[in-house]
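Q: Any chance you can model this:
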Amino acid sequence: MAKVVTLGEIMLRLSPPDHQRFPQAVNFDANYGGAEANVAFSLVQLGHEVTYVSRVPSNPIGDCAIQTLQKQGVNCSHIARGGKRLGIYFLENGASIRSPRVLYDRADSAIAEADPKDFNFHEIFQGVDLFHVSGITAVISEKAAALTLEAMKAAKQQGVCVSFDLNYRSGLWKDQVQEKQRIMAAMMEYVDICFGNALDAAKCLGYEDGDTDFYNSPYEVCVNAENMAKVVKRYGLTYLVTTLRNNISASDNGWSAAVSDGNSLYKGKEYQLHIIDRVGGGDAFAAGFLHGYLGRETMETALEYGIAAAAVKHTIPGDLNYISVSEIEALVYGDGAGRVMR
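A: Numbering: from 1, shown residues only. Just a heads-up that it's a prediction; the model follows:
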């Protein structure tokens, strides 16, 4: 299988159990996760050799975060140690008409203060097939942005395919919006596979196309064949890949996705999901698609792998997707009825 590198922030996740609300909680379930760590974890489950690059504090909580990945086979040898703290996020799971709620506590986290000099990217990218990072890391701090850009440049210098998930998070875009858009737009020069759509590009990159108002247009306009293709061509991408979620309630969603290569748009199978935990679903989707891509599947098959992987993730508590290739293929080529496996 392929050699993959991901870079980002892993955080401690604290959630009230049993769909309780924050005021009800007398204890919290503890898990670890973060966009690129979740992708690394999934790709290892799918048989790839994955190195996760980050910076975590030199304390027992940092140790626990690393051990969560190591015990499943993620290579953590290039994680730098240091900094004040591990970032934390609090998740109140939603149900029915009550939406999930996320609160971040990540100011001055270890990765936010990381320096590119902490990492030997020439060594890290030796013999690597793909590098994955996200827009979350790119806007955590100026130092994290510099680290992300340095890593992307180093990857391209060694001929590595770069995958970038725009991953818009409103909580990280409350100030310096134009400067953050400028920084992320500059990164697109190094991107081959992008996860997002025209609306995400408008939010994260300052993308514009004539008089089209992507912020206020129906979502269908932002993910149609014409506008997906325009984004592909504007940034010289190989693929632009977007999820398509129909929010029936916090507990039930229709779930699908689409991919454009600039010439055609393919929309995949739609699953009707009853949700246990949707956090990490987008990362599971990215990993599934990248697994198909790395296996030299067509963009259509790669997309179906991504959709199926994320569909399974929605049934699993925590950020991480415990998945196998055979399970994905059973969904892709089966009916997804969830029959008992005997």
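Q: Compute the first-to-last residue distance for stretch 162-176.
A: Distance between the boundary residues of stretch 162-176 (Cα to Cα, to the nearest Å) amounts to 26 Å.
Q: Now it: buried residues?
A: By neighbour count on 16 or more other Cβ atoms under 10 Å, the buried set for stretch 162-176 is 162-169, 172. To be clear about C-beta, it is placed using only N, CA and C from the backbone, and glycine gets the same treatment.
Q: residue ranges for the strands of the stretch 151-300 of the chain, please.
A: Assigned by DSSP state E, counting those that start in this stretch, the strands in the stretch 151-300 of the chain fall at 161-165, 193-195, 239-247, 252-260, 265-267, 271-274.
Q: do you know which of the ones you listed lies nearest residue 320?
A: Closest approach to residue 320 among those is made by strand 161-165 (16.4 Å; Cβ to Cβ).
Q: so what strands line up beside that closest one?
A: Applying DSSP bridges to the sheet, strand 161-165 is found paired with strand 130-134 (parallel), strand 193-195 (parallel).
Q: Please dump those strands into TSV; it should also carry mean neighbour count, distance to residue 157 and mean pLDDT for every row.
A: Below are the strands paired with strand 161-165 laid out as TSV (neighbours: other Cβ atoms under 10 Å; distance: least, Cβ to Cβ, whole Å; pLDDT from 0 to 100):
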stretch	mean neighbour count	distance to residue 157	mean pLDDT
strand 130-134	27	11	98
strand 193-195	25	18	98
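Q: The ones you listed into JSON lines, with extra columns for distance to residue 269?
A: What follows is the strands paired with strand 161-165, written out as JSON lines (distance: least, Cβ to Cβ, whole Å):
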{"stretch": "strand 130-134", "distance to residue 269": "24"}
{"stretch": "strand 193-195", "distance to residue 269": "18"}
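Q: Out of the strands of the stretch 151-300 of the chain, which is closest to residue 186?
A: That would be strand 161-165 among the strands of the stretch 151-300 of the chain, by Cβ to Cβ, at 12.0 Å.
Q: Between strand 239-247 and the closest one, find me the angle.
A: Taking axes from the mean of the first three to the mean of the last three Cα atoms, to 10 degrees, one finds strand 161-165 and strand 239-247 inclined to each other by 30 degrees.
Q: tell me the contacts of the closest residue to residue 45 other than its chain neighbours?
A: Excluding the flanking residues, the one nearest residue 45 by Cβ to Cβ, 6 or more residues apart in numbering is residue 323, at 5.2 Å. Residue 323 makes contacts with 42, 45-46, 284, 309, 312-313, as judged by Cβ atoms under 8 Å, 6 or more residues apart in numbering.
Q: for residue 224, same thing?
A: residue 265.
Q: mind running it again at 10 Å?
A: Contact partners of residue 224, counting by Cβ atoms under 10 Å, 6 or more residues apart in numbering, are 197-198, 217-218, 258, 260, 265.
Q: next one: residue 135
A: By Cβ under 10 Å, 6+ apart, the residues touching residue 135 are 35, 145, 148, 164-169, 172-173, 180, 183-184, 187, 194-196, 200, 203-205.
Q: So which of those are in helices?
A: 35, 145, 148, 180, 183-184, 187, 200, 203-205 (DSSP state H).
Q: Going by distance to residue 100, which of the buried residues of stretch 162-176 wins?
A: residue 169 (13.7 Å).
Q: What separation do you get for the closest one and residue 313?
A: Residue 169 sits 18 Å away from residue 313 when distances are taken as Cβ to Cβ, to the nearest Å.
Q: quick revisit: if we only consider the contacts of residue 224, which is nearest to residue 291?
A: Nearest to residue 291 among these, with distances taken as Cβ to Cβ, is residue 258, at 17.9 Å.
Q: Is there a neighbour count for the closest one? I'd like the number.
A: Residue 258: 20 surrounding residues under other Cβ atoms under 10 Å.
Q: which stretches of the stretch 51-200 of the chain form helices?
A: 60-70, 121-124, 135-138, 142-157, 177-187, 198-205 (DSSP state H, counting those that start in this stretch).
Q: thinking again about what came up before, just give me the closest of the contacts of residue 224 to residue 272.
A: Nearest member of these to residue 272, counting by Cβ to Cβ, is residue 258, at 17.6 Å.
Q: Buried subset of the contacts of residue 224 as a PyMOL selection?
A: Selection command for PyMOL covering only the buried members of these, criterion 16+ other Cβ under 10 Å:
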select buried, resi 197+198+258+260+265
